[in-house]
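Asker: sharing a sequence plus its predicted fold:
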Amino acid sequence: MTRRLGWLTLIALVALALTAGMAAAQKTLNGAGATFPYPVYARWAAAYAAQTGVKLNYQSIGSGGGIAQIKAKTVDFGASDAPLTKQELDEIGLIQWPMIMGGVVPVLNIPGMAPGQLKLTPTLLADMFLGEVTKWNDPRVAEVNPGVKLPDLAVTVVHRADGSGTTWIFTNYLDKVSPAWHTRVGTAKAVSWPVGVGGKGNEGVAAYVQRIKGSLGYVEYAYCLQNKMTYAKLQNAAGNFVDPTSESFQAAAANADWKDAPGFYLVLTNQPGADSWPITGASFILFYKSQTNMVKAKAVLSFWAWCYANGQKMAEDLDYVPMPKAVVDLVETSWRADILAGGQAVWK
Amino acid sequence: MQRRVHTRAQALAESTFHGTALTCAVFVLVAMVAIFAELVRNSHLSLAKFGWGFLTSAAWNPVTGDYGAASSIFGTLVSTAIALLIAVPLSLAIALFLVEMAHPRVARPVGYAIELLAAIPSIIYGMWGLFVLAPFMADHVQPYLQRVFGNLPLFSGPPMGIGMLSAGLVLALMVLPFITAVVRDIFALVPTVMKEAGYGMGATTWEVTRKVTLRHGMRGVLGGVFLGLGRAIGETMAVTFVIGNDHRIAASLFASGNTISSTLANEFTEASQPLYLSALVELGLILFVITFLIQIAAQLWLKRMSRRLGTDK
């Protein structure tokens, strides 16, 4: 008797779960991709769901996975840390737009060194990651750091072991500032590192840097802040040594020329401007130009429009940099022009 | 005579049971062949481009699209070898102690503790390796080894705490409970009569252990070792945490390296070019084949062993 009751309860529960799932499906937006913006997307989604009841199901499986999923049309939108080129977008029929920005920061572990005390030039940073500068007391390091006590310690490079948008932004920067890096390594989400050890994820790199004396790595700004890591000042395109702060990321974004970037293909590394942080990057959303379901397409765009309009504070709380108003206007203009469902503009 | 009389219902049940069991058994085979076929199918790009050279090339450059498996194969074999070199003698000693020497009041809690160790998820071992073992290795073990062994290339390079040796140690700790648990059960199964006969002839505990218990349980011991080997060779997360994840073949045990499964865990999510993905799948294929070959070698060796022991008697 009790057994039969158990079965009945189970069946009832399953039925309940199924109907609940069906009801939710109409109010759920599905996306997949980049891990870097996941915390802020999750925060936005929670706030949006509380206000409108529309839920976001975002799988942070990595940019590569996001591109694969949108190609396979298993998700409503994809997300990628590295922008797709105009040609790549056109091949699949996608539109992309920048959603959020962040910075990549060189972090190091030299006993007794305070955050921001050490200065690095672009060439020096590249040469360390190339394995050309192997000691912290190398004359070339001393030259830009007069008065700073530099130990006789080997430089141990720490890089990402997994493919990552962070690596893409970082190598893109080194590629721009160092001809040697350009010929020997190049830009990609995973590269053939000349030297060093690999940590999995930002947290892996952060852990290795904190562990190994004399190490030099790179992490997302938020990880540098949260782990109170020792970062290096970096010389920007204008020749100034700057600290990684929300302001210096904003400065880099403000000087970016989004208007003349076809398909929003713009990389924010090494931007001009006296206060610009040189290793800044944006994270992108990928969406089909030709939509089959008007209601669904509108729901997705409404969510992102709401985030642009209401999400700045939440983004800043999590140490991200929101997109400037001028860029948001450009994005919404491109929505109006390019996204169609059954020949009708989705966004008006 | 009575037993052979079946009702029709019994016969039906019997044939249904037979059919179900057969289906399940065949399913295992089908699944294995299907996995193999799928791995080959998805790695055809890489197979066609690199051929056999994939096995010997140490290149791994996603920018230029040049891939090779040598560093991953090397790391997989070396880390597993270190793990077994440490874990097998220790497991044998622990199992012998538990079965032959320890008082039940000691043996039982120790036995439970070992079984509990086997149930700890591998990610916990990985985190322990990174946050506890690695600093200890960097501050104490590695400088000590360098002092004692001087300039041996095996122990050269900066003592970072992470790398091949630490990965091997973590793996050793992970496979230890598996091997110990199996070997202990095997030793416990050795007939008491045989052991008592040994003691009756005036043999010491060590002699009985070596000539009776170990010899009688050889097959089972090997089985336990291969179970450990199987776990070590495919272990992913724990290794990824401590091995340093670098596509390089280094002579030093302190240097970072990688294994097939750590490479897959690290790079699968962001591999967007078809050739990159294909090369990763081919790595999976290689791991599949390596495990398969080890199984075959183990079976052959066991067969030879039992034949030799059989004639020895």
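Answerer: In hand now; what should we look at? Residues are numbered from 1 along each chain as shown, chains lettered A, B, ... in the order given.

Asker: how close does A:Q235 get to A:V242?
Answerer: 8 Å (C-beta to C-beta, to the nearest Å). For glycine as for every other residue, the C-beta is placed from the backbone atoms N, C-alpha and C.

Asker: which residues do the two both contact?
Answerer: A:P278 (C-beta atoms under 8 Å, 6 or more residues apart in numbering or on different chains).

Asker: can you read off the pLDDT for the residue most central in space within chain B?
Answerer: The residue lying closest to the centre of chain B (C-alpha atoms, centre = their mean) is B:L229, at 2.0 Å. As predicted, B:L229 sits at a pLDDT of 91.

Asker: packing partners of the strand or helix carrying it?
Answerer: Using DSSP states H and E, B:L229 sits within helix B:218-234. Secondary-structure packing of helix B:218-234 (3 or more C-beta pairs under 8 Å, 6 or more residues apart in numbering or on different chains; DSSP states H and E): helix B:70-96, helix B:164-189, helix B:274-312.

Asker: what's the longest one packed up against?
Answerer: I take that to be helix B:274-312. By 3+ C-beta pairs under 8 Å, 6+ apart, helix B:274-312 packs against helix B:8-42, helix B:44-50, helix B:53-56, strand B:66-67, helix B:70-96, helix B:218-234, helix B:260-267.

Asker: what sits up against the helix holding B:L229?
Answerer: If you take C-beta under 8 Å, 6+ apart as the criterion, helix B:218-234 is touched by B:76, B:79-80, B:83-84, B:87-88, B:91-92, B:171, B:174-176, B:178-183, B:185-186, B:189, B:214, B:261, B:287, B:290-291, B:294-295, B:298, B:301-302, B:305-306, B:309.

Asker: select only the buried ones of the residues you listed in PyMOL?
Answerer: Buried subset of those, written as a PyMOL selection, criterion 16 or more other C-beta atoms under 10 Å in any protein chain shown:
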select buried, chain B and resi 76+79+80+83+84+87+88+91+92+171+174+175+176+178+179+180+181+182+183+186+214+261+287+290+298
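
Asker: distance check, B:T291 against B:E14.
Answerer: 37 Å.

Asker: for B:L277, same thing?
Answerer: B:L277 sits 49 Å away from B:E14, going by C-beta to C-beta.

Asker: burial measure for residue 191, as a count.
Answerer: All of this refers to chain A. For A:V191, the count of nearby residues is 26 (other C-beta atoms under 10 Å in any protein chain shown).

Asker: hmm, I had chain B in mind actually
Answerer: Counted by other C-beta under 10 Å, the residues lying close to B:P191 total 10.

Asker: same check, this time on A:V105
Answerer: Other residues within reach of A:V105, judged by other C-beta under 10 Å, total 24.

Asker: doesn't it belong to a strand?
Answerer: Yes - when classified by DSSP: H, G, I helix; E, B strand; the rest coil, A:V105 is found to be part of a strand.

Asker: mind listing what it touches?
Answerer: Contacts for A:V105 (C-beta under 8 Å, 6+ apart) come out as A:Y218, A:V219, A:E220, A:Y221, A:C224, A:Y231, A:P244, A:I279.

Asker: you'd agree the fourth one is up against A:G102?
Answerer: Yes - under the criterion of C-beta atoms under 8 Å, A:Y221 lies in contact with A:G102, with a separation of 5.7 Å.

Asker: these two - which one has more neighbours?
Answerer: Taking other C-beta under 10 Å, A:Y221 and A:G102 do not tie; A:G102 has more neighbours (28 against 25).

Asker: quickly list what the more buried one is bridged to.
Answerer: A:G281 (DSSP bridges).

Asker: wait, it sits on A:L318?
Answerer: No - between A:G102 and A:L318 there is no contact under C-beta under 8 Å: 9.6 Å.

Asker: between those two, which contacts overlap?
Answerer: Shared contacts of A:G102 and A:L318, defined by C-beta under 8 Å, 6+ apart, comprise A:A222.

Asker: run a quick neighbour tally on A:P179.
Answerer: Residues contacting A:P179 under the criterion other C-beta under 10 Å number 11.
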